[in-house]
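J.: Pasting a predicted model and its sequence here:
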Amino acid sequence: MDRWIAPGRVNLIGEHTDYNAGFVLPIALSLGVVCAAERTGDGLVRLRSAQRPGEPVEVAVGELAARRATVPRWARYPLGVVHEFVRGGHPVDGLRLAIDGAVPLGAGLSSSAALCCAVTVALRDLCAPTLTPDDLVGIAWAAENGFAGVPTGVLDQSASIRCTAGHALFLDVRAYTAPGGPEPGAAEQIPFDPAAAGLALLVADTGHPHDLADGGYAERRAQCEAAARALDVAALRDVTDTDLPRLADPVLRRRATHVVTENARVVAAADLLRSGADPRTLGALLSASHRSLRTEFEVSAPALDLAVDAALDAGAHGARMVGGGFGGSVLALVDRADTAAVTARIERRFAAAGHARPRIFTVEPAAGARRLR
């Protein structure tokens, strides 16, 4: 079988802004999910995963929707992609799919989106070669939101499909998801080479998993929608600082405050990278983002705060939690010469707190989803 890979992602900045029609600035990781695939012509989807060796799945193509509730939860992501291809009228006459993922599960690095996107690019090449990258983002997003039942924005799928090596992807979500297709300038590749500046992006997977299918993420999304209704706007993207005092509910005001200030931080970060300024100055924006996610959006967790504080104490230029929150990973911007010292400080703090040793590694902007040669 031929193989395809789709990367996980880490968001430099712009958390919980995508489903509020705002701005995001992700990079793709070198870690990804590989999908080996072939057409069989027998009307069945046979699915197995190296991470779930005891749970092979076999479903008739025509019974995907009816069988959704009976298949293992992890299988709903790839089967959701197949379902979307069938709904789109593409010739899916039987498939064999084998999945193997290197993106840490529950780390806030979009392992589920990488899974969906790996299957999506495989099926594009096997069944629908004229689909565009924007089509692929839509299919992967629909699979995760619909069949898998996880209410995400388009950040994760867009990053996995559209990111390029050596760049951060500046995405204007409203313009990107406009009726009729993305507007000009909705997605911009901005050169970003931390190593050339003597920097490293350090990811610390705390080992405290998050799960976007649980209630916290959906609750935050519902609160943002309620805040937008209270302010009579289509989305919190349309809100400014002067609008915030009109929100009488203090919880909704905090949620909206994060979105308004986070959008401003994304725009500032993109402007900084475009200008060629020293990327170390991104650090202050990263740390401000974490403070907002902790106090205004209330999606941080003790392990995340511990990792951020340890990184900053060890000399990181900035650090913040990444992903949906409640667990997962932290991103720190550090001088390359300080990588070992920052890593050691985080590990010591976790040991002193009685936590398991976190998985810590460096990342660089990598390529998006593609066929492996």
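T.: The structure has been received and is ready for your questions.
J.: Where does the prediction get shaky in the stretch 251-373 of the chain?
T.: Across the stretch 251-373 of the chain, nothing is flagged by pLDDT under 70.
J.: Do a quick rundown of the strands in it.
T.: 318-322, 329-335, 359-363, 370-371 (DSSP state E, counting those that start in this stretch).
J.: V86 is nearest to which of these?
T.: strand 370-371 (21.9 Å; CB to CB). For the C-beta atoms, the positions are set from N, CA and C on the backbone; glycine is no exception.
J.: and the strands of the stretch 251-373 of the chain as JSON lines, adding distance to V86?
T.: Shown next, in JSON lines, are the strands of the stretch 251-373 of the chain (distance: least, CB to CB, whole Å):
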{"stretch": "strand 318-322", "distance to V86": "34"}
{"stretch": "strand 329-335", "distance to V86": "35"}
{"stretch": "strand 359-363", "distance to V86": "35"}
{"stretch": "strand 370-371", "distance to V86": "22"}
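J.: can these go into CSV with extra columns for mean neighbour count?
T.: Below are these laid out as CSV (neighbours: other CB atoms under 10 Å):
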stretch, mean neighbour count
strand 318-322, 28
strand 329-335, 27
strand 359-363, 18
strand 370-371, 14
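J.: among those strands, which is nearest T240?
T.: Of all the strands of the stretch 251-373 of the chain, strand 318-322 comes closest under CB to CB, at 23.4 Å.
J.: The closest one pairs with which strands?
T.: Strand pairing for strand 318-322, using DSSP bridges, gives strand 329-335 (antiparallel).
J.: contacts for the strand it pairs with?
T.: 10-12, 104, 107-109, 194, 198-206, 279-280, 282-283, 286, 304, 307-308, 311-312, 315-323, 342 (CB atoms under 8 Å, 6 or more residues apart in numbering).
J.: try 6 Å
T.: Strand 329-335 is touched from outside by 10, 107-108, 200, 202-205, 282-283, 304, 307-308, 311, 316-319, 321-322, 342, with contacts defined as CB atoms under 6 Å, 6 or more residues apart in numbering.
J.: Among these, the buried ones, what's the ChimeraX command?
T.: Here is the ChimeraX command that selects the buried residues among the contacts of strand 329-335 (16 or more other CB atoms under 10 Å):
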select :10,107,108,200,202,203,204,205,282,283,304,307,308,311,316,317,318,319,321,322,342
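J.: Tell me how many other residues crowd the residue lying closest to S110 once chain neighbours are set aside.
T.: Nearest residue to S110, sequence neighbours excluded (CB to CB, 6 or more residues apart in numbering): D156, at 4.1 Å. Counted with other CB atoms under 10 Å, residues neighbouring D156 total 31.
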